[in-house]
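Undergrad: structure for the following, please:
(chains A and B)
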There are 2 protein chains.
Amino acid sequence: MSEDNVIYVGNKPVMNYVLAAVTQFNEGAKEVTIKARGRAISRAVDTAEVVKNRFLVDVVVDKIEIGTEELKSEKGENIKVSSIEIFLKRE
Amino acid sequence: MSEDNVIYVGNKPVMNYVLAAVTQFNEGAKEVTIKARGRAISRAVDTAEVVKNRFLVDVVVDKIEIGTEELKSEKGENIKVSSIEIFLKRE
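TA: I've put the predicted structure just below:
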């Protein structure tokens, strides 16, 4: 789920990702990036909002980037899916 | 669905919102904002990506803001929902 200060949001409950982000900040990270694709994008926004509104009030959104990624479907077709990166930082 | 250069994304197909945004730019708008809440956030990102990658290549993301809004549920309870605003502009 996470790699060097990056949290990949999938289909688990939002709190899983919130706790992962809070843990990284509590272990000294100055920045944590939340990434998601497709329908998980809404959950990534939820995660960022809960982290900064209910857990770490000194954490702010540094910037947000959106993009399009190309994936292979199970049948091997190329499909395009939207992506988001929410860069959180401690002030 | 749209008000002065603002497009509210809901549950309709993405192309509805894409065409609304493209129409506003074609009618001379320099900026169009795409707004959504909750699960429609992913669709708002899809809309922005399709507009700028497949229809209007001179349109870019100016900035993106996320937030939390408080709504009344059907039972009258206060519920919090995430929101996004994607500011598109023509270069």
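
Undergrad: helix/strand/coil for residue A:29?
TA: Assigned by DSSP: H, G, I helix; E, B strand; the rest coil, the conformation of residue A:29 is coil.

Undergrad: now it, nearest residue through space, not along the chain?
TA: Nearest residue to residue A:29, sequence neighbours excluded (CB to CB, 6 or more residues apart in numbering or on different chains): residue A:5, at 5.0 Å. Quick note: C-beta positions are derived from backbone N, CA and C, even for glycine.

Undergrad: and the one you found, how far from residue A:55?
TA: Distance, residue A:5 to residue A:55, by CB to CB, to the nearest Å: 16 Å.

Undergrad: try residue A:21
TA: Taking CB to CB as the measure, residue A:21 falls 8 Å from residue A:55.

Undergrad: residue A:25 too?
TA: 8 Å.

Undergrad: out of these two, which sits in the busier spot?
TA: In this view residue A:25 and residue A:55 are compared by other CB atoms under 10 Å in any protein chain shown, and residue A:25 has more residues nearby, 20 against 14.

Undergrad: buried residues of stretch A:67-77, list them for me.
TA: By neighbour count on 16 or more other CB atoms under 10 Å in any protein chain shown, the buried set for stretch A:67-77 is residue A:68.

Undergrad: so where's chain A uncertain?
TA: Within chain A, the segments meeting pLDDT under 70 span A:1-3.

Undergrad: which residue sits farthest out from the middle of it?
TA: Within chain A, the residue lying farthest from the chain centre (CA atoms, centre = their mean) is residue A:75, at 27.6 Å.

Undergrad: name the SS class of that one, please.
TA: Here residue A:75 takes the coil state, with states given by three-state DSSP.

Undergrad: which residues do residue A:25 and residue A:55 both contact?
TA: By CB atoms under 8 Å, 6 or more residues apart in numbering or on different chains, residue A:25 and residue A:55 have no common neighbours.

Undergrad: okay, now residue A:24: neighbour count?
TA: Residues contacting residue A:24 under the criterion other CB under 10 Å number 20.
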